[in-house]
Every structure is written in structure tokens, then in C-alpha cells.
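[1] coords please:
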Amino acid sequence: MKRLAWAAPAIISLCIGCRTALAEGPISATREERIAQAAESLRARLIEQRRDFHMHPELSNREERTSRIVAEKLKALGFDQVRTGVARHGVVALLKGSKPGPVVAVRADMDALPIQETIEVPYKSRVPGVKHACGHDVHTTIALGVAEILSRMRDEIRGSVKFIFQPAEEGPPPGEEGGAPLMIKEGALDDPRPQAIFGLHVMPTIEIGKIGYNSGPAMASSDRFVITIRGKKVHGAYPHEGIDAVVVAAECVMALQTIRSRRINTQEPLVITVGIIQGGNRFNIIADEVKLEGTVRTLSEDVRRQVQKLMRETVAGITSAYGATFEMQYEEGAAVTYNDPQLVAEMLPTLRRVVGEKNVIAPLPQMGAEDFSYYQKVIPGFYYFLGVANPARGITAMVHTPEFDVDEESLVIGVKVMANVLLDYLDRHAE
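    Numbers count the residues shown, from 1 in each chain. Presented below is the predicted three-dimensional model:
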């Protein structure tokens, strides 16, 4: 009830402010100018909404409050369809324009991370051990801002816009389904099927006011492996009577790195990281079992398949040499986030027009991963990066860190860019 009492005035104020900005703009103003004015009129409320989400972060598959706020806002805006409970707490909403045309989608993720916030800001997380350390509070706020503006421009929309608010991008808890795969499974891309999908991610390596993009691979695939090495337990004073799983594991850790340096084309990006080593039960006993757990990141599906084979060969050879044995579990996660080159080329003029040609940059693809890639397996997609860094204000911390924050000017920029991207796409593909 407390949430509802806060939400209603905020939603009403947001709606009135944006409607006024769109209605009172100069008659000769271009659509882009009117969108910019509307986004600027939302500035205070965008900041307020982002800070509210930031103070009340929710972990993957637990985004109950966030989902409720999103659904309430979309219903208040008069969306034609608002479907809740998709993939647990996802929201899928459809805004129909007054003119015939295709369907385009925009996706925003809503979940936070199990990280304790350390920065002292007025909007510091109120949930111990949980923080929006990947900017999903920003993503959700921007998508709501775009929804607000487009809901007041129905007469100019040639087609429909589907808004997908997704839970569990960071991955569902063990034993649960979630994220983009479950959203797709439960029909987020159906009835109607969008022709294309867009998304954005905050990026603290890019300064405020700039947009980063990649044509083709933008972010890496993300796989997880667990290697269990088995030797023979014996007293630590008599290692020759046993098989030391710790020594074998150490050799495997080092040898796995030679896959990148010696067995894969050196021009192909690849990361093999062993993040966890567990084994042994006493200081003077040779361990008979060690587990290695880690991640593999690639920008190529061919390399992804090749690495699995080479990892098994490498570990098999080392364990055999020591008389040990092994088991390897390899679990494929998100695929490569692949931006459709034709779609990128089509939308680049929009990005350059809105933020300026010099402010649209093409950084190297990243080895981080995104489950936006699952949508791109179904329909063409374009996932770009929103600059949020401000070195002058000390806002430079990387995502997934306790110190992460954003320059909130990015909220207005993000709304302007995405609103123009969606409308320009519909214009180009309308019958």
C-alpha cells in the first residue's frame, strides 16, 4: 500500500509533464526536437524513478516490486496490452500507433546483483547485500520514459511498439528457469512478433553523451565449466604412494591457458578463467579430489565449439600422465550478442543525428555477456552502449562493483536516443 501511495502521484505528474511538453512545442518543431523537449521535461521524474529503483533492488527472479511499478505505469499510460507474470515477474506491453505498420520491440532488464553498496549517496541501496551494480535500474527507467513519450505520440506511430521488461538477466537462481530464454518460451516475442528488437546497456568505459556500438559481435558468449580431478588419497609424507589431485589440478589450470595462446587462432578473442579451486581436507593429507570451476568467453560460435573439445583433450592428457581421472561438465549459457549488420547500418544515422556524429563510437567488442543474445537468435537485434562515465565527478567505477554509479544525465540521453530509434525504424519499414 505504501508503494501505491507513492506511485500514483509520480505517474500522474510524469504523464502531465510529458503531455504538456509534446503539446506545447513549436508547431514547426521537428519530431526529434519535440522528443528532446519531452525527455527534458521528464528529467526530474526520471531521476526520481531511477533512484527509487536503486534504493529498492531485487535479485533475479525476485523482482516483484519493480515489476509491479512497471505494470502500474504502463496501465496508467493507456497501453493496449499489459501482460504480467511472464517468466515469473516479466512485463510485456504493446503500444499500438494510429497508423498501420510493423512491430518493433525494446527490451529492458530489471534485476540487481548480490553486491553490498559502498558509496555514500542519497539513493544508496536500502537492501543489505543487494545493489543495482549493472545499471538495470537505469535501463528500466529509460524504457519507462520512452513508453511515456511514445504513448503521447500515437498519431505519429506507424505500427506498434512492444516493450519487454525482463527479469533475471544476471541469471536465475540454481534450479530455476529465468531470463530471456524463459521470456521467449512464454511468448514475449509472440502475438505479435516484432520484426526487430533494440536494447541498451550503460557503459562506464564510455563518457556521458556518447553512444557505443558494434556491428556483428558486440558481447561474448558465456559458458560455465566444472572439472573434477580424482587422484588417490595418502599421507602427505608419502606422496609417491598416492596421486596428488592438487598437483594435477595446478598443471591443468596452467595448461588450459595454452589453448588461448597456442591452439586457437591468436586473432580470435577467447577467455578461459578458472575462478574456483576446491580440494583437500587436511594439511598433511594428499587430496584425492579437486574441483576447478570457471567460465569460457568467445566472440565466435566456431571457437566456442572448438574450445570445449580442446579443454577435454588437454585435461585428459594431463590426468592420464599422472594416473588420475577426471570428469568435465560444460554448460553453455548466453550466446554471442550479435548485432545484425544491416540493422546497425540502418540505424546509425539515427544515433548520429540525435547525439552528434563525433559522439557515436565503435569500441572493441566486449568479453562480458548478455542474454539479449537469445532474442537475437529469433529476430534481428541491435544492442548498443550508453555512456554513463563522468571522470570529473569521479563516476568511473566498472559494472558489478560496490562503487558503481552513473551520471544521471544519461537518463535523458537514453530516452531521446531510444525513442528516435524506435520511431525511425517503424517509419522505414511501414508499408
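
[2] quick one: the spatially most central residue of the chain from residue 334, how far?
    For the chain, the residue nearest the mean C-alpha position is residue 370 (4.7 Å; C-alpha atoms, centre = their mean). With distances taken as C-beta to C-beta, to the nearest Å, residue 370 is found 6 Å from residue 334. The way it works is simple: take the backbone N, C-alpha and C, and place the C-beta from them, glycine included.

[3] ok, now residue 279?
    29 Å.

[4] So which of these two has more stuff around it?
    residue 334 (22 against 18; other C-beta atoms under 10 Å).

[5] Quick check, that one in contact with residue 221.
    Yes. Counting by C-beta atoms under 8 Å, residue 221 is a contact partner of residue 334 at 6.3 Å.

[6] what sits in contact with each of those two?
    By C-beta atoms under 8 Å, 6 or more residues apart in numbering, residue 334 and residue 221 have these common neighbours: 369, 373.

[7] Buried residues in the helix or strand hosting residue 302, which are they?
    Element membership for residue 302 (DSSP states H and E) is helix 301-322. Neighbour counts over helix 301-322 (16 or more other C-beta atoms under 10 Å) mark 303-304, 306-307, 310-311, 314-315, 318-319 as buried.

[8] again, but for stretch 97-104
    97, 101-104.

[9] which residues in the chain form helices?
    For the chain, the helices defined by DSSP state H occupy 2-24, 31-41, 43-55, 64-76, 136-151, 179-185, 245-258, 301-322, 341-355, 373-376, 409-429.

[10] what is the orientation angle of the fourth one with helix 136-151?
    Going back to what we said before, that points to helix 64-76. Between helix 64-76 and helix 136-151, the angle comes out at 10 degrees (axes from the mean of the first three to the mean of the last three C-alpha atoms, to 10 degrees).

[11] average model confidence for helix 64-76?
    Averaged across helix 64-76, pLDDT comes to 98.

[12] Over to stretch 161-174?
    97.

[13] Put the alpha carbons of it into CSV.
    Extracted in CSV, the C-alpha atoms of stretch 161-174 (Å, rounded to 0.1, in the frame of the first residue of the first chain):
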residue,chain,number,x,y,z
VAL,A,161,6.0,-0.9,-30.2
LYS,A,162,6.4,-3.9,-27.8
PHE,A,163,8.0,-3.2,-24.5
ILE,A,164,9.7,-6.1,-22.8
PHE,A,165,10.7,-5.7,-19.2
GLN,A,166,12.7,-8.7,-18.3
PRO,A,167,13.7,-10.3,-15.0
ALA,A,168,16.8,-12.4,-14.3
GLU,A,169,19.2,-11.1,-16.9
GLU,A,170,22.0,-11.9,-14.4
GLY,A,171,20.9,-15.5,-14.4
PRO,A,172,18.2,-17.3,-12.4
PRO,A,173,19.0,-18.9,-9.0
PRO,A,174,20.1,-22.6,-9.2
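
[14] tell me which residues in that stretch are buried?
    Using 16+ other C-beta under 10 Å as the test for burial, stretch 161-174 gives 161-172.

[15] Out of these, flag the one nearest to residue 326.
    Using C-beta to C-beta, residue 171 comes nearest to residue 326 of those, at 25.8 Å.

[16] what sits against the closest one?
    Taking C-beta under 8 Å, 6+ apart as the test, what residue 171 contacts is 60, 178-179, 333, 371.

[17] cool, and residue 245?
    Taking C-beta under 8 Å, 6+ apart, one finds 229-231, 279, 286-290, 324 in contact with residue 245.

[18] mind saving the C-alpha coords of stretch 403-415 as CSV?
    Extracted as CSV, the C-alpha positions of stretch 403-415 are listed here (Å, rounded to 0.1, in the frame of the first residue of the first chain):
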residue,chain,number,x,y,z
GLU,A,403,31.4,1.5,-6.2
PHE,A,404,29.4,1.5,-9.5
ASP,A,405,27.3,4.6,-10.3
VAL,A,406,26.1,6.6,-13.3
ASP,A,407,25.9,10.2,-14.4
GLU,A,408,22.1,10.6,-14.3
GLU,A,409,22.3,12.9,-17.4
SER,A,410,22.3,9.5,-19.2
LEU,A,411,18.7,9.1,-18.4
VAL,A,412,17.5,11.9,-20.6
ILE,A,413,20.0,11.0,-23.3
GLY,A,414,18.9,7.3,-23.2
VAL,A,415,15.3,8.3,-23.6
